[in-house]
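**Q** Got a predicted structure plus its sequence, pasted below:
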Amino acid sequence: MNERVKASISLILLSPMIAELLSSSSPPIEFFNPVAFIYLTTFYGFGSILVREFRIRLDLPYVSLIFLGFIYGVIEEGIAVKSFFNPEWPDLGILAWYGRFYGVNWIWMQALIIYHGFISIFIPIALVDIIYYSLRNERYIHSRKTLLIIMLIYLIDVLLFNLGYMGSYPLYPYQYIICIILMVIFYLAGRRIRLKPIYNPGRPLTAWIIGFIWMTFFYIIYFSLPHLNITPLLTSILGLIHAYLGLRYYTTAGEEGISRRIRLAGLIGPPSLFIVLSPFMEMDKTRPDNPAGMTIVGIIFAIYFILLYRRISDTQRIEN
């Protein structure tokens, strides 16, 4: 098996495993259900592959991965499952009414676009680029036919999700238009915006802590502040500032002058919050799903991240 195939498989698996499994959005019993597993790996995994290929083929800056990830978030949450608009979407909680105006769950929309951009797309791609460092600026998919098949399967997933949820909440034309406008804005931003790192952490531990704190504030802003009944506009502004800081900080992932250990530590910082929370997720008796096995998932990911860090450290030491 050549390196490109290994890298592709790693990305196809890592994206849904971080975004859905480790986050407990889809606990082990759900995630490893054969049908769900196929859906999630082709949806998240193929989406990540397409985003990465798109960036390289258009020679876009590394930070554009996040903006392209925002587009992925709009496709998944706005068009496929329609959680941006459905007030009865089961995961909304207080966001079913907080920040909902004119048929749009605005705060939820903002949160999920940012979540998918950073967690579902950017971090898995950047991690695999560090693991398979010699391929970081090369395409994984050289065959046009293979790329078209991946794209077709991804579009079928989107269509099946859309039709599956259509009965419970059909979208109006203006809601599709909102999604299209957002995707165009993010595409143009990804092509034109050039950002420099706001801060070079200098040490792996510092990079990890910053990533961990950044993710912690994500949940505070979007899922704690609404319970204080402050104006949704303030929550949105704080969320945009938080996203901007994330964009400026994570441009370090594409900086060749920053060591791979530091970049890796920064990337595993946000999902490390899920590791810390995993046993609490499993003990949560109020959840409507079955979170059994989340503690084991957290332990496995902790071991994986530690071994990955040691491997990259050893590789970098040998190269130096």
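**A** Happy to help now that I have it. Numbers count the residues shown, from 1 in each chain.
**Q** Quick one: low-confidence residue ranges for the stretch 201-320 of the chain.
**A** Along the stretch 201-320 of the chain, the model assigns pLDDT under 70 to residues 317-320.
**Q** and the nearest residue to Arg100 once chain neighbours are set aside, which of the three is it?
**A** Closest residue in space to Arg100, ignoring its immediate chain neighbours: Pro87 at 6.3 Å, by Cβ to Cβ, 6 or more residues apart in numbering. In this view, the C-beta of every residue, glycine as well, is placed from N, C-alpha and C. For Pro87, the assignment made with DSSP: H, G, I helix; E, B strand; the rest coil gives coil.
**Q** residues contacting Pro87?
**A** With contacts defined as Cβ atoms under 8 Å, 6 or more residues apart in numbering, the neighbours of Pro87 are 96-97, 100, 105.
**Q** what do you get for Ser48?
**A** 11-12, 15, 72, 120-121, 124-125.
**Q** Between the residues you listed, which sits nearest Ile185?
**A** Of all the contacts of Ser48, Tyr72 has the smallest distance to Ile185: 14.2 Å, by Cβ to Cβ.
**Q** Quick one: neighbours of that closest one, just the number.
**A** 25 (other Cβ atoms under 10 Å).
**Q** Now do the same contact list for it.
**A** Tyr72 makes contact with 47-48, 51, 116-117, 120-121 under the criterion Cβ under 8 Å, 6+ apart.
**Q** Can you read off the backbone torsions of the residue nearest to Arg100?
**A** phi -70, psi -10 (degrees, to the nearest 10).
**Q** Make 679 the first number, not 1, from now on.
**A** In the new count, where the first residue is 679, that last one comes out as Pro765.
**Q** how near is it to Ser902?
**A** Applying Cβ to Cβ, to the nearest Å, the value for Pro765 to Ser902 is 21 Å.
**Q** so Cys857 touches Glu755, yeah?
**A** No - with contacts counted by Cβ atoms under 8 Å, Cys857 stays clear of Glu755, the gap being 9.2 Å.
**Q** Return every residue with contacts to both of these two.
**A** By Cβ under 8 Å, 6+ apart, the residues touching both Cys857 and Glu755 are Phe762.
**Q** what about the two, which has more around it?
**A** Neighbour tally, Cys857 and Glu755, criterion other Cβ under 10 Å: the higher count belongs to Glu755, 24 against 20.
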